[in-house]
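# kindly return the folded structure for what I paste below:
(2 chains)
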Amino acid sequence: GAVVSQHPSWVICKSGTSVKIECRSLDFQATTMFWYRQFPKQSLMLMATSNEGSKATYEQGVEKDKFLINHASLTLSTLTVTSAHPEDSSFYICSASIRTGDGSPLHFGNGTRLTVT
Amino acid sequence: LAKTTQPISMDSYEGQEVNITCSHNNIATNDYITWYQQFPSQGPRFIIQGYKTKVTNEVASLFIPADRKSSTLSLPRVSLSDTAVYYCLVVRDSWGKFQFGAGTQVVVTP
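Model (predicted):
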């Protein structure tokens, strides 16, 4: 089945630094990828929709200058948390769909646990 | 996108059948109903998807009545490893945007 690989699985960084998270579709091409954030004991919150070759679409309340998304190829999207602060500590999850437009299932990565100290 | 409502939690014993009902009163004609399972510190895993009537796969069944305003995920003979959060999503085909609700925490005990 379709596999989405996310790297790193966990990262610890100091406050003020930037962290990049990669999301790769291993055996399929993903024109659209989605980035989610999940705080402990809470549901997934959609942050942005990443389209290959174009700018990401951010959900209301998500700072696009803080969470930089790049989708340079059909198999790779990256999320960069810039100038990270402790409140950015969370579980970040990416997902990809082979096709959008017909309700086909999303395939999720295993998430990245970000801890900002 | 249609809002979904599902129970916050459900408890069950091993070997029993677990049925989780999700309400989606504002579902649109071209919406699909999709269920995901999530274990702690992992990404969600697809369980099943349906549009109407009944869908069955090797792990679950999905029952959707004619009005499609609700759906029921049925997990047959659960085991301890089925302890997880289960999410019901309504997905618009023209958008492909997956918005997660609160989910249902299922706890299976011996």
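
# tell me the bridge partners for the spatially most central residue of chain A.
Nearest to the geometric centre of chain A sits A:W35, at 3.4 Å (Cα atoms, centre = their mean). Beta-bridge partners recorded for A:W35 (DSSP bridges): A:A48, A:C94.

# quick one, phi/psi of A:F28?
With angles defined as degrees, to the nearest 10, A:F28 sits at phi -160, psi 160.

# isn't it up against A:A2?
Yes: here A:F28 reaches A:A2: they are 5.1 Å apart, a contact under Cβ atoms under 8 Å. Every C-beta, even on glycine, is put in place using the N, C-alpha and C of the backbone.

# return every residue with contacts to both of the two.
Listed contacts common to A:F28 and A:A2 are A:96, A:98; contacts here mean Cβ atoms under 8 Å, 6 or more residues apart in numbering or on different chains.

# where does chain B have low pLDDT?
B:1, B:93-96 (pLDDT under 70).

# which positions in chain B make contact with chain A?
Residues of chain B found near chain A (Cβ under 8 Å from any Cβ of the partner chain) are B:31-32, B:34, B:36, B:41-46, B:49, B:51, B:87, B:91-103.

# buried ones among the residues you listed?
B:31-32, B:34, B:36, B:43-46, B:49, B:87, B:91-93, B:96-101, B:103 (16 or more other Cβ atoms under 10 Å in any protein chain shown).

# out of those residues, name the ones that lie in strands.
B:31-32, B:34, B:36, B:45-46, B:49, B:87, B:91-92 (DSSP state E).

# which of the helices or strands spans B:V107?
strand B:104-109 (DSSP states H and E).

# ok, that strand: who's next to it in the sheet?
strand B:9-13 (parallel), strand B:84-92 (antiparallel).

# would you agree B:A28 is in contact with B:V91?
No: when contacts are counted by Cβ under 8 Å, B:A28 is not listed as touching B:V91 (10.4 Å).

# poorly predicted segments of chain A, please.
A:1, A:99-104.

# hmm, try it at 50
Applying pLDDT under 50 to chain A flags no residue at all.
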